[in-house]
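Novice: generate a structure from the sequence data that follows.
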Amino acid sequence: MERVQRRLLRETAYEAIRDAVVRGDLAPGAAVNSAELADQLGLSRAPVRDALARLADEGLVETKPQSYTRVTQVAPSEVRDAAAVVRAMHELAASTTVGALQTDDIAQMRAANERFEAAARAGDIDAAMAADDELHGVLVKASGNRALAATIERYTPLIRRLERLQFGRDHARRSVERHDDLIAACAAGDAPAATHLTSLIWRSLEEGTE
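Specialist: Next up is the predicted model:
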């Protein structure tokens with residue numbers, strides 16, 4: 001039971017620090033002190049150190065032993081690489097699940113896009129990103145592919161850092177329109193069209209790094 005609790009604390013620390021980096025609360029180049037983070041999160045240092053090690057492996061922080069731990073700079077080339085991987089995973093999800101989607105799945109996608117549009121209009125980036133993740137997550141969940149889902153979860157934070165910096169009303173409007181087209185393709189059971197539209201949506205992120 002103690003091992004389970006330790007793992008939950010590590011996940012709590014990881015998610016909190018990751019989200020702070022993605023939102024920019026911990027800015028690029030900012031020094032990260034595990035003791036201070038532990039105090040802020042109300043946790044011991046061990047799960048925070050474990051979380052920072054995982055974030056370093058994922059490219060969100062960098063560490064030099066006995067010297068420093070800091071948030072990495074947003075590197076366009078790394079974001080572009082991550083976006084290409086994430087795009088491929090979402091394309092796979094679309095190509096393998098569209099024909100098996102249920103009415104409730106389509107309804108969930110439509111509701112998520114409505115929330116995305118409302119959040120974008122209000123300038124609520126956090127809510128817009130959450131709605132976007134939920135919309136695409138319908139296809140990911142329906143795929144039942146754990147490796148696919150884990151790959152997306154690992155590399156999406158790198159993309160979100162840059163996407164937040166570039167987020168604007170024009171970008172959001174295009175996303176809403178493409179989401180609508182994607183949902184229509186999914187409702188029609190048109191896997192090739194859904195895969196193509198998914199590719200367009202995620203390629204726009206890669207183009208934003210050039």
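
Novice: now residue 204: closest residue in space that isn't a chain neighbour?
Specialist: residue 174 (7.4 Å; C-beta to C-beta, 6 or more residues apart in numbering). In short, each C-beta sits where N, CA and C put it, glycine included.

Novice: just the C-alphas of the helix or strand hosting residue 21, formatted as CSV.
Specialist: According to DSSP states H and E, residue 21 maps onto helix 2-23. Extracted in CSV, the C-alpha atoms of helix 2-23 (Å, rounded to 0.1, in the frame of the first residue of the first chain):
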residue,chain,number,x,y,z
GLU,A,2,2.9,2.4,0.7
ARG,A,3,4.3,1.9,-2.7
VAL,A,4,1.0,2.8,-4.3
GLN,A,5,0.8,6.0,-2.2
ARG,A,6,4.3,7.0,-3.3
ARG,A,7,3.4,6.5,-6.9
LEU,A,8,0.3,8.7,-6.5
LEU,A,9,2.3,11.4,-4.9
ARG,A,10,4.9,11.3,-7.7
GLU,A,11,2.1,11.6,-10.3
THR,A,12,0.6,14.5,-8.4
ALA,A,13,3.9,16.3,-8.4
TYR,A,14,4.6,15.5,-12.0
GLU,A,15,1.2,16.8,-13.2
ALA,A,16,1.4,20.0,-11.1
ILE,A,17,5.0,20.9,-12.3
ARG,A,18,4.3,19.9,-15.9
ASP,A,19,1.2,22.1,-16.0
ALA,A,20,3.1,25.0,-14.5
VAL,A,21,5.8,24.7,-17.1
VAL,A,22,3.2,24.4,-20.0
ARG,A,23,1.2,27.4,-18.7
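
Novice: counting by contacts, list what it packs against.
Specialist: For helix 2-23, the packing partners by 3 or more C-beta pairs under 8 Å, 6 or more residues apart in numbering; DSSP states H and E come out as helix 34-41, helix 45-57, helix 146-166.

Novice: hang on, the earlier thing: what's the burial count for the residue nearest to residue 204?
Specialist: Residue 174: 13 surrounding residues under other C-beta atoms under 10 Å.

Novice: checking my notes, residue 129 in a helix, right?
Specialist: Yes - counting by DSSP: H, G, I helix; E, B strand; the rest coil, residue 129 falls inside a helix.

Novice: so how many other residues sit close to it?
Specialist: Residue 129, neighbours per other C-beta under 10 Å, totals 19.

Novice: which other residues reach the helix holding residue 21?
Specialist: Helix 2-23 has contacts (C-beta atoms under 8 Å, 6 or more residues apart in numbering) with 26, 32, 37, 41, 43-44, 46-48, 50-52, 54-55, 60-61, 71, 126, 157, 160-161, 164.

Novice: low pLDDT regions in this protein?
Specialist: Along the chain, the model assigns pLDDT under 70 to residues 1-7, 166, 168-170, 206-210.

Novice: show me the residues around the spatially most central residue of it that make contact.
Specialist: Residue closest to the mean C-alpha point of the chain, counted by C-alpha atoms, centre = their mean, is residue 156 at 3.5 Å. By C-beta under 8 Å, 6+ apart, residue 156 lies in contact with 82, 86, 133.

Novice: just send these back as a markdown table, with secondary structure, distance to residue 104 and neighbour count too.
Specialist: Formatted as a markdown table, the contacts of residue 156 follow (DSSP: H, G, I helix; E, B strand; the rest coil; distance: C-beta to C-beta, whole Å; neighbours: other C-beta atoms under 10 Å):
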| residue | secondary structure | distance to residue 104 | neighbour count |
| --- | --- | --- | --- |
| 82 | helix | 31 | 25 |
| 86 | helix | 25 | 22 |
| 133 | helix | 18 | 16 |
